[in-house]
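Chemist: could you look at this predicted model? Sequence included:
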Amino acid sequence: MIRPHMRTTLANHEIQKLYDTGEEARPRYVGFRLARPGSEFYAFEVHFTGYGIFIQGDLSPVHPGGFGGMGVTLEWFLRDLHSIYLASKFLKRRFVPSAAAADLECHLGEGEVPAEQIPALRFIIRDLRDYPDYSPEGLEDNLEANGLAHLCDGGVPGWTYEPSQMGWLTAIHECFRRCHAALEGKESGCST
């Protein structure tokens with residue numbers, strides 16, 4: 001999720017409205033630029049179009065150059081959104097070995113794993129943490145080979161949003177909301 005350095009990086013950003021076709025226009029097109037005063041580092045632009053939103057610039061946690069979400073409006077993006085809900089509009093779930101390790105650790109104390117299989121499960125969990133390139137197929141095979149295939153009954157554990165992508169997306173969203181509110185004169189906290 002958001003790490004402290006992500007919020008700190010965006011703490012002093014200013015917002016500039018680049019264009020706005022107006023609320024009466026259908027569809028409405030509006031664009032903003034957010035950056036630190038006098039710096040291009042960590043600058044980004046947010047564009048709302050008739051199709052959705054496009055975010056581009058230095059902070060593009062998903063794809064170099066930019067990423068977007070279909071159907072996302074300015075009004076929606078200004079809402080207080082939970083990070084997982086926000087991620088569901090922009091990011092794809094993928095296999096994250098550390099998340100799989102955390103999921104499997106939950107089974108250690110629930111009596112789902114016979115005592116003689118706990119050392120094998122602990123070894124698998126350690127491997128998931130030590131090897132970020134661990135594959136979901138490898139995990140499924142390893143669990144099956146150790147008599148732990150039942151831990152995949154609901155699917156291979158560890159499918160989630162990549163934590164740093166989700167953190168940066170959430171930090172961008174928070175920064176945009178704070179700065180847009182200042183632009184609209186609703187509250188202080190960001191320069192215009």
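Modeler: Cool, the structure landed.

Chemist: can we go C-alpha only for contacts and neighbour counts from here?
Modeler: Fine.

Chemist: how about the longest helix belonging to the chain: buried residues?
Modeler: Criterion DSSP state H: the longest helix present in the chain is helix 163-183. Of the residues in helix 163-183, 165-183 count as buried by neighbour count, 16 or more other CA atoms under 10 Å.

Chemist: and what of stretch 123-131?
Modeler: Neighbour count says stretch 123-131 has 124, 125, 127, 128, 129 buried, by 16+ other CA under 10 Å.

Chemist: all helices for the chain, in order.
Modeler: 4-10, 74-77, 83-90, 97-105, 118-130, 136-145, 163-183.

Chemist: what's the fourth one packed up against?
Modeler: By that I understand helix 97-105. Here helix 97-105 touches helix 118-130, strand 159-160, going by 3 or more CA pairs under 8 Å, 6 or more residues apart in numbering; DSSP states H and E.

Chemist: try it again at 7 Å.
Modeler: Identification of packing neighbours for helix 97-105 by 3 or more CA pairs under 7 Å, 6 or more residues apart in numbering; DSSP states H and E yields helix 118-130.

Chemist: let's see the helix it packs on as CSV, backbone CA atoms only.
Modeler: What follows is helix 118-130, C-alpha atoms only, in CSV (Å, rounded to 0.1, in the frame of the first residue of the first chain):
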residue,chain,number,x,y,z
ILE,A,118,4.3,-27.9,8.6
PRO,A,119,8.1,-27.9,8.0
ALA,A,120,7.5,-28.3,4.2
LEU,A,121,4.9,-25.5,4.3
ARG,A,122,7.4,-23.2,6.2
PHE,A,123,10.1,-24.0,3.6
ILE,A,124,7.7,-23.1,0.7
ILE,A,125,6.8,-19.8,2.5
ARG,A,126,10.5,-19.0,2.9
ASP,A,127,11.1,-19.7,-0.8
LEU,A,128,8.2,-17.4,-1.7
ARG,A,129,9.7,-14.6,0.3
ASP,A,130,13.3,-15.2,-1.0
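
Chemist: quick one: mean pLDDT for that helix?
Modeler: Averaging pLDDT along helix 118-130 gives 95.

Chemist: for that helix, name the packing helices and strands.
Modeler: Looks like helix 118-130 contacts helix 97-105 (3+ CA pairs under 7 Å, 6+ apart).

Chemist: distance from the centroid: which residue in the chain tops it?
Modeler: residue 116 (37.9 Å; CA atoms, centre = their mean).

Chemist: what residue ranges in the chain score low on pLDDT?
Modeler: For the chain, the stretches with pLDDT under 70 are 60-63, 110, 186-192.

Chemist: centroid residue for it?
Modeler: Taking CA atoms, centre = their mean, the chain has its central residue at residue 166, 1.3 Å away.
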